[in-house]
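> Sequence first, predicted model second:
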Amino acid sequence: MKQTNAGLIAALAAALIPFLPAHGAAQDTDAVIADALSAAPAGLAEHATVMDWEQNVLREGTNGWTCLPSPPDIASAPMCMDGAWMEWAHAWMTRSPVEVDRLGVSYMLQGDAGGSNIDPFAEGPTPDNEWVTEGPHLMVIVPNLEDLEGLPTDPHNGGPYVMWRGTPYAHIMIPID
């Protein structure tokens with residue numbers, strides 16, 4: 001059964017809270033909104049919902065996109081996700097089965113703080129987990145993981161690559177210069 005967008009937002013935020021460092025002093029709301037919106041192209045961000053890490057909707061949107069600011073204690077890693085990505089992210093954060101039923105897109109135009117290219121649940125770099133910090137990028141999920149066959153997995157190949165191949169959370173990373 002599909003959840004509503006508001007329900008997905010609340011579930012995603014609730015799932016993310018235990019994985020995030022403790023939140024310090026409250027940030028200025030305008031600064032949090034600006035940070036969240038910096039993850040996506042201006043035309044998309046203009047009408048996106050903005051939510052903070054405490055499950056508060058800071059601004060209602062009208063286009064089905066949800067933007068989150070950089071997580072607490074991470075300098076810059078905001079993201080904007082469509083509905084399919086919100087569902088995917090909830091499944092990933094709760095380590096639940098993921099069912100992608102349509103193409104999904106997520107923007108991280110400020111880059112990220114790093115992650116394993118092979119282990120969806122790695123918490124830090126190790127000698128064997130291919131830790132990569134990506135600059136500005138977008139991410140794409142597809143309903144059929146077989147469609148990812150033939151795409152490279154090397155994050156240093158100069159173009160798109162598949163992250164987390166061989167897992168239900170596999171997706172395409174597309175660096176943007």
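Received, thanks.
> Three-state assignment for residue 44, please.
Recorded secondary structure, residue 44: helix (DSSP: H, G, I helix; E, B strand; the rest coil).
> Now it. Nearest residue, chain neighbours left out?
Nearest residue to residue 44, sequence neighbours excluded (C-beta to C-beta, 6 or more residues apart in numbering): residue 65, at 5.9 Å. Every residue, glycine included, has its C-beta placed from N, CA and C.
> So, low pLDDT: which residues of the chain?
1-27 (pLDDT under 70).
> now the strands for it?
Listed in chain order, the strands of the chain (DSSP state E) span 49-51, 57-59, 66-68, 79-81, 104-108, 115-116, 131-132, 137-141, 161-163, 171-175.
> To residue 89, which of those lies closest?
strand 79-81 (6.3 Å; C-beta to C-beta).
> could you say what helices and strands the closest one packs with?
strand 66-68, strand 104-108 (3 or more C-beta pairs under 8 Å, 6 or more residues apart in numbering; DSSP states H and E).
> One more pass at 10 Å, please.
The contact analysis (3 or more C-beta pairs under 10 Å, 6 or more residues apart in numbering; DSSP states H and E) places strand 79-81 against helix 5-16, helix 29-37, strand 66-68, helix 83-93, strand 104-108, strand 137-141.
> Residues touching it, excluding its own?
For strand 79-81, contacts defined as C-beta atoms under 10 Å, 6 or more residues apart in numbering pick out 8-9, 12, 36-41, 44-45, 48-50, 61, 64-71, 85, 87-89, 104-110, 112, 138-139, 141.
> Buried among those residues? Make that a ChimeraX selection.
Buried residues among the contacts of strand 79-81 (16 or more other C-beta atoms under 10 Å), as a ChimeraX selection:
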select :8,9,12,36,37,38,39,40,44,45,48,49,50,61,65,66,67,68,69,70,71,85,87,88,89,104,105,106,107,108,109,110,112,138,139,141
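> circling back to that earlier point, quick one: closest of the strands of the chain to residue 30.
Among these, strand 57-59 comes nearest to residue 30, with 9.2 Å by C-beta to C-beta.
> Mind listing the strands that closest one pairs with, and their directions?
strand 49-51 (antiparallel) (DSSP bridges).
> contacting residues around the strand it pairs with?
By C-beta under 10 Å, 6+ apart, the residues outside strand 49-51 that reach it are 5-6, 9-10, 12-13, 29, 32-37, 56-69, 78, 80, 86.
> Let's see that with 6 Å instead.
By C-beta atoms under 6 Å, 6 or more residues apart in numbering, the residues outside strand 49-51 that reach it are 9, 33, 36, 57-61, 66-68.
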